[in-house]
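*Asks:* Quick one, fold the following:
(chains A and B)
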Amino acid sequence: MVTTTVTPDRDWTTGEPVILVSRCRSCAHRWYISRDACPACGSPDVVTVPAAGTGQVVAHTTVHRVAAGAVDEPGPVGIALVDLDEGVRVMGRCAPETVVGSPVRVVFLIRPGESDQPALLPFFEAAGP
Amino acid sequence: MGWISGVGLTSFGRQPGPSALDWQVRAARTALADAGLTHRDVDGVLVGYATTLGHLMPANLLAERIGIRPRIAFGTSVGGATGLAMLNQAEALVTAGEAARVLVVAGEDRASGQSTDTSMRTLAQVGHPAYEVPLGANVPAYYALLASAYLHRHGLAPAALAPLAVQMRAHAAAHAGAQFRVPISVADVESSKLVAAPLRLLDCCPVSDGGAAFVVLAEPSSSRDVRVAGMGQAHLHQHVTEADLEDLGARRSAQEALRRAGVTLDDIDLAGIYDSFTVTLAMLLEEIGLAAPGKAGAMAAAGEFDRTGRIPLNTHGGLLSYGHAGVAGGMAHLVEMVMQLRGEAGERQVPRQVRRALVHADGGVMSAHVTVVLEAA
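*Replies:* Okay, the predicted model is just below:
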C-alpha cells in the first residue's frame, strides 16, 4: 500500500536555508536532487527530511571564470562536492583553501536574486577536526 | 554489423565565415566522395545537434540543403557521445535493413558563431539548473571536481595529468587540420592560467569551428571499408552529484563493445578516447582498462600513447589539440581511427600493422558513454 507523506517542499533553491534529503521507505535508497519517486525502485513512498548539514569534502575546485547563470559575482569561487552524513552527495560553495577529506558544515550565503526574493547558496565551511 | 565506408573531417579552429550548416555540408560531401557515393545514394541521414543552430530538425535541414530525400532522418543529442551514438543507430538501421546507406554528420561554428559567454552558458546546462548552475559551476568546474577527486584518490599532483596534453599536442603537430600544432611541454601546461583548479588552460580543449561525417553501409563496398565489430553504451547518471566515481559507465560500455566484437583489450592496437580535459582522458583510459589506475599520465610521459608507442592514442591530436567543434569533435577520433586502419593516415600512420581500434566518447559529466570496436577489412 502506498501512503501519502507530508514532506517539506522548500529548500535552499526556493529560499529556505536547508538542504533536503529524500529517502525511499520501500527500498531505503537516499538521494539529493528532488524527485517524486524513488529512482532505484520506482516507489512513490518518499520521505524528505532536512539534512544536518555536516559531511566530508569529496572534491573541490576554484572556478576562475564563472559561467553566466550564477547568481552572483564573476568569481573566482570555490565549489565542492560534499558527502553529507545522511549518505548523499551535494554540491556547494566553499573556501578556496578547502581540503579534500576534511569535515565541513553548511551555512547559507544570501545573494541578490532575480526578482525581489534573495537567492540562497549553500557554503561549506571547515567543521574542525 | 555495419561498415564505415566514407569519412570526412574538416580543419578545426577559429575559422569565421561558414555557418553550422555550411560545416556540415563540407564534411558530408567529403564523406560521400570518399565512399564513392552521391547524395542520391543516401537513404538515411542522422545529424548531431549544433549549439549555434538550435534547430528542431537538423537532419531534415541538411538533407534538403544537399538534396537528399531519405527514408529515415533524425537529429540526436547525447552531448559529446552523440557522434558514436549516431554510429550505433546507423549500424542498427543498416543491420535491420531499414536503410542501406546512412550518412552521419555533425558540424558547427561553435567558436565563431557565438560569444564565449553564450557558449559557456549553453554547455553549463549539462549541470542541474537549480542545484548546480546557480553556484557558478560550469563544464570545466564539473571536470575539475572529478580531477580533484581523482588526484586525491591516487595521491597525485596536478602535474601528473599534464603529459596527456603534451602527447595530444605532439600528435596534432603532424595534422594540417589541427587547431593547435606548436609543441608544448609539461612546464607549459603547469604555467598556463588556472581555469578551474586543478585544471589549467592547457588541460582543457578549445572551442572550435568545423565538421565531421561518415557513411555507414550494411555490406562493404571496397577493401578500404572498416567494420563496426561491436558497440556498447552506458548511461548511469546525468549530474555529477549522482555519479558513482568508481563506475561511471565507461567500463560497462567498453566491455559490451569488446564482447560483441568477440575480442579483449589485448586485441586492441590503437585507441581514440574522448579528451575534453586531461582528466577526462585519464579517467576513461583507466576505467576502460587501457591504463592502470592512476597511471594514465605516467604512461603518456613514458611515450606509451605515442604514434610509436604500445597503444597509439588520438593520433590526430584529440579534442585537446585537434580541437572541439561540438559533436564533430567526438567524431574526429572515429575518422582518425578509420584512416589508421585503412593505412591512409600519411605521416601520422602508426608504423606497424594495426588491425583493431577502440573508440570511446562521453557526454555530459561522464554521463553518457558509447564505445565502438573497429576492425580493418
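
*Asks:* Now the residue nearest to the spatial centre of chain B: which helix or strand?
*Replies:* Centre of chain B computed as the mean C-alpha position; nearest residue by Cα atoms, centre = their mean is B:Gly330, 2.0 Å away. In the assignment (DSSP states H and E), B:Gly330 maps to helix B:327-342.

*Asks:* if you average pLDDT over that helix, what comes out?
*Replies:* On average, the pLDDT along helix B:327-342 is 98.

*Asks:* now do stretch B:296-307
*Replies:* Mean pLDDT, stretch B:296-307: 98.

*Asks:* Using neighbour counts, pick out the buried residues of that stretch.
*Replies:* Under the neighbour-count criterion of 16 or more other Cβ atoms under 10 Å in any protein chain shown, stretch B:296-307 has B:296-297, B:299-301, B:304-307 buried. All C-beta atoms are positioned from the backbone trio N, CA, C, and that covers glycine.

*Asks:* tell me the contacts of the nearest residue to A:Ser43 once chain neighbours are set aside?
*Replies:* Spatial nearest neighbour of A:Ser43, excluding adjacent residues (Cβ to Cβ, 6 or more residues apart in numbering or on different chains): A:Ser26 at 3.6 Å. Going by Cβ atoms under 8 Å, 6 or more residues apart in numbering or on different chains, A:Ser26 touches A:38, A:41, A:43, A:45.

*Asks:* quick one on the thing from earlier: show me what contacts the residue nearest to the centre of chain B?
*Replies:* B:Gly330 makes contact with B:80-84, B:274, B:319, B:361 under the criterion Cβ under 8 Å, 6+ apart.

*Asks:* in chain A, what spans have low per-residue confidence?
*Replies:* Low-confidence segments of chain A (pLDDT under 70): A:1-8, A:65-75, A:114-116, A:129.

*Asks:* All the strands of it, residue numbers only.
*Replies:* A:20-24, A:30-31, A:46-50, A:54-63, A:77-84, A:89-94, A:103-111, A:119-126 (DSSP state E).

*Asks:* now the stretch 51-200 of chain B
*Replies:* Using DSSP state E, counting those that start in this stretch, the strands of the stretch 51-200 of chain B run over residues B:72-76, B:101-109, B:194-196, B:199-200.

*Asks:* which of the ones you listed is buried the deepest?
*Replies:* strand B:101-109 (a mean of 31; mean count of other Cβ atoms under 10 Å in any protein chain shown).

*Asks:* Mind giving me the packing neighbours of that strand?
*Replies:* Helices and strands touching strand B:101-109, by 3 or more Cβ pairs under 8 Å, 6 or more residues apart in numbering or on different chains; DSSP states H and E, are helix B:20-35, strand B:44-48, helix B:82-96, strand B:209-217, helix B:327-342.

*Asks:* Please put the alpha-carbon coordinates of the fourth one into PDB.
*Replies:* Extracted in PDB, the C-alpha atoms of strand B:209-217 (Å, rounded to 0.1, in the frame of the first residue of the first chain):
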ATOM      1  CA  ASP B 209      34.600  25.600 -35.800                       C
ATOM      2  CA  GLY B 210      34.500  22.500 -38.000                       C
ATOM      3  CA  GLY B 211      32.600  19.400 -39.200                       C
ATOM      4  CA  ALA B 212      32.900  15.700 -39.500                       C
ATOM      5  CA  ALA B 213      30.900  13.000 -41.300                       C
ATOM      6  CA  PHE B 214      30.800   9.300 -42.200                       C
ATOM      7  CA  VAL B 215      28.800   6.900 -44.200                       C
ATOM      8  CA  VAL B 216      27.600   3.500 -42.800                       C
ATOM      9  CA  LEU B 217      26.700   0.600 -45.100                       C
END
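
*Asks:* Counting by contacts, list what that strand packs against.
*Replies:* strand B:2-9, helix B:20-35, helix B:82-96, strand B:101-109, helix B:327-342.

*Asks:* Quick one: name the residues of the stretch 101-250 of chain B near chain A.
*Replies:* Within the stretch 101-250 of chain B, the positions near chain A by Cβ under 8 Å from any Cβ of the partner chain are B:117-118, B:120-121, B:124, B:128, B:130-138, B:140-141, B:144-149, B:152, B:193-199, B:239-242.

*Asks:* So which of those residues belong to helices?
*Replies:* B:117-118, B:120-121, B:124, B:140-141, B:144-149, B:152 (DSSP state H).

*Asks:* sorry, back to before: so which of the helices and strands packed on strand B:209-217 gets nearest A:Thr14?
*Replies:* helix B:82-96 (33.3 Å; Cβ to Cβ).

*Asks:* Let me see the mean pLDDT of that closest one.
*Replies:* 98.

*Asks:* and if you look at stretch B:136-143?
*Replies:* Averaged across stretch B:136-143, pLDDT comes to 92.

*Asks:* now stretch B:118-126
*Replies:* 76.

*Asks:* And that stretch, what's buried?
*Replies:* Buried-residue list, stretch B:118-126, by 16+ other Cβ under 10 Å: B:119-124, B:126.

*Asks:* just these now: which is nearest A:Leu120?
*Replies:* Closest to A:Leu120 out of the buried residues of stretch B:118-126 is B:Ala124 (19.7 Å), distances taken as Cβ to Cβ.

*Asks:* where's that closest one relative to B:Gly318, distance?
*Replies:* Note on B:Ala124: its distance to B:Gly318, by Cβ to Cβ, to the nearest Å, is 22 Å.

*Asks:* Give me the neighbour count for A:His64.
*Replies:* When neighbours are counted by other Cβ atoms under 10 Å in any protein chain shown, A:His64 registers 19.

*Asks:* shouldn't A:Leu120 be in contact with A:Val18?
*Replies:* No - using Cβ atoms under 8 Å, A:Leu120 is not in contact with A:Val18; the gap is 9.2 Å.

*Asks:* what do these two both touch?
*Replies:* Counting by Cβ under 8 Å, 6+ apart, the residues touching both A:Leu120 and A:Val18 are A:Trp12.

*Asks:* of these two, who's got more company?
*Replies:* A:Leu120 (21 against 17).

*Asks:* where does that one sit relative to A:His60, distance-wise?
*Replies:* As for A:Leu120, its distance to A:His60 is 20 Å (criterion: Cβ to Cβ).

*Asks:* Could you do B:Ala160 as well?
*Replies:* Distance, B:Ala160 to A:His60, by Cβ to Cβ: 18 Å.

*Asks:* same thing with B:Arg224?
*Replies:* B:Arg224 sits 49 Å away from A:His60, going by Cβ to Cβ.

*Asks:* Those two: which has the busier surroundings?
*Replies:* A:His60 (29 against 21).

*Asks:* Pretty sure that one sits against A:Gly101.
*Replies:* No - assessed by Cβ under 8 Å, A:His60 is found out of contact with A:Gly101, at 10.4 Å.

*Asks:* Give me the domain ranges for chain A.
*Replies:* A:12-50, A:54-126 (automatic domain parsing).

*Asks:* Deepest-packed of those, please.
*Replies:* Of all those, domain A:54-126 has the most neighbours on average by mean count of other Cβ under 10 Å, namely a mean of 19.

*Asks:* Next, the distance between the ends of that domain.
*Replies:* End-to-end span of domain A:54-126 (Cα to Cα, to the nearest Å): 10 Å.

*Asks:* what's the span of stretch B:354-373, first residue to last?
*Replies:* With Cα to Cα as the measure, the ends of stretch B:354-373 fall 13 Å from one another.

*Asks:* Now look at that stretch and say if it contacts chain A.
*Replies:* No - Stretch B:354-373 stays clear of chain A (Cβ under 8 Å from any Cβ), getting no nearer than 11.0 Å.

*Asks:* ok so B:Asp247 is a strand residue?
*Replies:* No - assigned with DSSP: H, G, I helix; E, B strand; the rest coil, B:Asp247 falls outside any strand and is coil.

*Asks:* For the lowest-mean-pLDDT helix or strand in chain B, what is the distance to the chain centroid?
*Replies:* Least confident helix or strand of chain B, by mean pLDDT, DSSP states H and E, is helix B:116-124 with a mean of 76. Centre-to-centre, helix B:116-124 and its host chain are 20 Å apart (Cα atoms, centre = their mean, to the nearest Å).
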